[in-house]
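no letters, just coordinates:
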């Protein structure tokens, strides 16, 4: 039975038997992510005191300007996972291609691949706004002992065995699921330990917050425009409150606690959507469903999409179940 003074390490050990693969490898993998998160947290909290804010002067595979902390966080998570010799492959939003690990060692038995967005919302670092890390874990589908291939990473989100995020804010939290509910752990910076602070996290079935970049309103599909007008309408418990941070981890974390919907639809500027299916949409969708919420591309379940490329993008609607179903209704009606 979990209790709120339980450490993350104790929680992992206690709940390992509820995971259908009980080799302990996944537990060690979560512990590695915890370690890397503490290192990144330390440097996020020094932003402004050392030279880690601002642009790095490079453009990533997404065509986005990398921030210095993007590069730093990417290196730290990859180094930690490689050094612990736990995974057989890593894919990062900041890397052009996946990284095969121990590909020359015929005896390696690692079974998991990790996909990661090392620092979501990194442009907010300069103005002291919360940012986060998102991770997704799959069991490889190619034979153990061989080099991983693209096939190991291009799995639909419904095959995830674990997913989570770290939010670096007024406090630092690690929130994750292995398919048996969602639990949140808050870092005590004085001793460097994560403690269970938010057991059994759940989205309220309804909410009063909508989170979307309304600056792109004129570019949105008509169904999204109609839903936003619905949210603003004076009727019943509406109008809803508009809250948009620009860091998906922060927006979804808030909405999971208070009730709400996060939306990043496709637009006339981004015809396939802007968020990455593998690094952002799938892990957050897995967490949402495990927290009794819902995640959709506007017409269907995010987790059922079959990826075709590492950096594929998708429209994304995530949050309280009734709110996501309502925006799907507006999307369907706008197509008729």
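Looks like it came in fine. It should be emphasised that the depicted structure is a prediction, and the values quoted were computed from it without experimental measurement. Numbering: from 1, shown residues only.

skip the chain neighbours and tell me the closest residue to residue 239.
Take residue 239 and drop its neighbours on the chain: the residue closest to it by C-beta to C-beta, 6 or more residues apart in numbering is residue 232, 4.9 Å away. Just so you know, the C-beta spots here come from the backbone N, C-alpha and C atoms, and that holds for glycine as well.

can you count the residues close to that neighbour?
13 (other C-beta atoms under 10 Å).

residue 229 too?
Residue 229: 11 neighbours (other C-beta under 10 Å).

ramachandran coordinates for it?
phi -60, psi -40 (degrees, to the nearest 10).

tell me the bridge partners for residue 211.
Beta bridges link residue 211 to residue 262, judged by DSSP bridges.

show me what contacts it?
Residues near residue 211 by C-beta atoms under 8 Å, 6 or more residues apart in numbering: 242-245, 251-252, 254-255, 260-263, 319.

any of these buried? List them.
Among those, those buried by neighbour count (16 or more other C-beta atoms under 10 Å) are 243-245, 251-252, 254-255, 260-263, 319.

report the distance from the helix or strand harbouring residue 28 to the chain centre.
Counting by DSSP states H and E, the element that carries residue 28 is helix 25-44. Relative to its chain's centre, helix 25-44 lies at 15 Å (C-alpha atoms, centre = their mean, to the nearest Å).

pull out the buried residues from that helix.
Those buried within helix 25-44 under the rule 16+ other C-beta under 10 Å are 26-27, 29-38, 40-41, 43-44.

residue 264 against residue 316, yeah?
Yes - between residue 264 and residue 316 there is a contact at 4.7 Å, judged by C-beta atoms under 8 Å.

neighbour count winner among these two?
Taking neighbours as other C-beta under 10 Å, residue 264 and residue 316 compare with residue 316 leading, 27 against 23.

out of the contacts of residue 211, which is nearest to residue 174?
Taking C-beta to C-beta as the measure, residue 174 sits nearest to residue 252 out of those, at 14.6 Å.

and the gap between the residue nearest to residue 239 and residue 225?
According to C-beta to C-beta, to the nearest Å, residue 232 and residue 225 sit 11 Å apart.

need the nearest residue in space to residue 33, chain neighbours excluded.
Among residues not flanking residue 33 along the chain, residue 135 sits closest, at 5.9 Å (C-beta to C-beta, 6+ apart).

er, residue 203 I mean
Once flanking residues are discounted, residue 203 sits nearest to residue 293: 3.5 Å by C-beta to C-beta, 6+ apart.

that neighbour is in contact with residue 256, isn't it?
Yes - using C-beta under 8 Å, residue 293 is in contact with residue 256, at 6.8 Å.

the more surrounded of these two?
Set side by side, residue 293 and residue 256 show more neighbours around residue 293, with 31 against 28, by other C-beta under 10 Å.

contacts only, for that one.
202-203, 256, 318-321, 324.
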